[in-house]
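Student: Fold the following.
(one chain, ligands or ions: 1)
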Amino acid sequence: MFKHGGRFYISVDLEGIAGVVGEYGKGLGMDTPGYAFAKKQGTREANAAVKALYDAGAGEVWVWDCHCKGYNLDYDLLDKRVKIVMGAGGRERFPLINTGFDGVLFIGYHAYDTPSAVLAHVYSSSTFQYQKINGDEAGEMQIDGAIAGNNGVPVIFVSSDDICVAQARKSFGEIPAVITKTGLAWNSCVSKHPAAVCDEIYTEVKKAAENIESFKPYVIESPFEYEIRYKRIEYAESARLNSYDNKPFERIDAYTVKGYLNKPEDIF
Ligand SMILES: [Zn+2]
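Tutor: The predicted structure is shown next:
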């Protein structure tokens with residue numbers, strides 16, 4: 001079905017999966033009560049997408065375990081046909097996305113800071129208030145989608161809460177998606193049943209794979225304006241960010257700096 005079998009990259013975060021709200025006042029750290037379930041459900045949602053891709057004729061599927069420090073999923077329960085990208089400390093934000101993939105899938109990502117969005121944040125909920133690209137707010141999903149897009153790889157599927165899915169479609173167009181839960185607050189939602197979500201992911205990913213020719217890479221034109229607002233004044237004071245011409249970012253108020261970058265990779 002795909003030319004050369006098709007290579008796919010599934011990036012799995014945990015905040016956006018079914019049945020997950022973190023702990024009030026704490027987020028979704030490894031010490032929170034819902035974390036053990038999140039590991040299992042993240043693995044199940046990834047497996048549903050992996051099976052759909054292989055059933056549609058994929059040749060190779062990678063799963064990136066990208067929440068927190070990069071070791072969350074139950075690897076012995078993952079579909080044994082996958083390669084697993086894991087751990088932290090590498091220099092690239094989106095490891096080896098430049099090696100020729102046909103599509104990227106985002107499972108369990110979260111919204112950028114928005115009322116009622118479950119566990120919404122950008123990079124770190126204790127450090128940043130927002131980041132903006134050319135004046136519009138953007139989350140990790142938009143940045144990862146743009147890094148993939150720079151390498152010619154389109155985003156072909158997303159699953160998360162209702163708000164994150166709406167943000168994905170605003171950026172990437174009307175791509176196949178599954179809403180796992182409806183956000184009520186940062187730590188509260190109405191979730192679909194975890195097993196029903198896996199069934200829906202299988203169906204929608206299969207649809208995406210069967211229409212692979214219809215997707216276009218998401219590209220942020222270069223150069224772009226990049227603005228980042230910190231939670232504390234001293235973080236903005238100590239930010240050492242430079243624009244593409246090596247001029248330091250401008251401090252536009254107590255918490256916020258702004259500059260110009262060539263590529264989304266340069267944010268890191
Ligand atoms: Zn996460």
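Student: Compute the first-to-last residue distance for stretch 54-64.
Tutor: With CA to CA, to the nearest Å as the measure, stretch 54-64 spans 17 Å from end to end.
Student: near the ion at all, that stretch?
Tutor: No - using CB under 5 Å from the ion, we find that stretch 54-64 stays clear of the ion, coming within 11.7 Å at best. (Glycine included, C-beta is placed from N, CA and C.)
Student: buried sites along that stretch?
Tutor: 54, 56, 58, 60-64 (16 or more other CB atoms under 10 Å).
Student: same check, this time on stretch 216-227
Tutor: Buried-residue list, stretch 216-227, by 16+ other CB under 10 Å: 217-218, 220, 223-224, 226-227.
Student: List the contacts of stretch 21-36.
Tutor: For stretch 21-36, contacts defined as CB atoms under 8 Å, 6 or more residues apart in numbering pick out 14-15, 19-20, 38, 67-68, 118-119, 121, 125, 186-189.
Student: same thing but 7 Å
Tutor: 14-15, 20, 38, 118-119, 125, 187-189 (CB atoms under 7 Å, 6 or more residues apart in numbering).
Student: show me which of those residues neighbour the ion.
Tutor: Near the ion, by the rule CB under 5 Å from the ion, you find E15 out of those.
Student: Just the buried residues of stretch 216-227: which are in strands?
Tutor: 224, 226-227 (DSSP state E).
Student: hang on, the earlier thing: please spell out the PyMOL selection for the buried subset of the contacts of stretch 21-36.
Tutor: Here is the PyMOL command that selects only those of the contacts of stretch 21-36 that count as buried (16+ other CB under 10 Å):
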select buried, resi 14+15+20+38+118+119+125+187+189
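Student: Inside strands: which ones of the contacts of stretch 21-36?
Tutor: Going by DSSP E, the strands hold 188-189 from these.
Student: Could you check how many residues crowd around L261?
Tutor: 20 (other CB atoms under 10 Å).
Student: Pick out the residue of the stretch 151-268 of the chain closest to the ion.
Tutor: S160 (11.0 Å; CB to the ion).
Student: Pull the contacting residues for that residue.
Tutor: 16, 108-110, 180.
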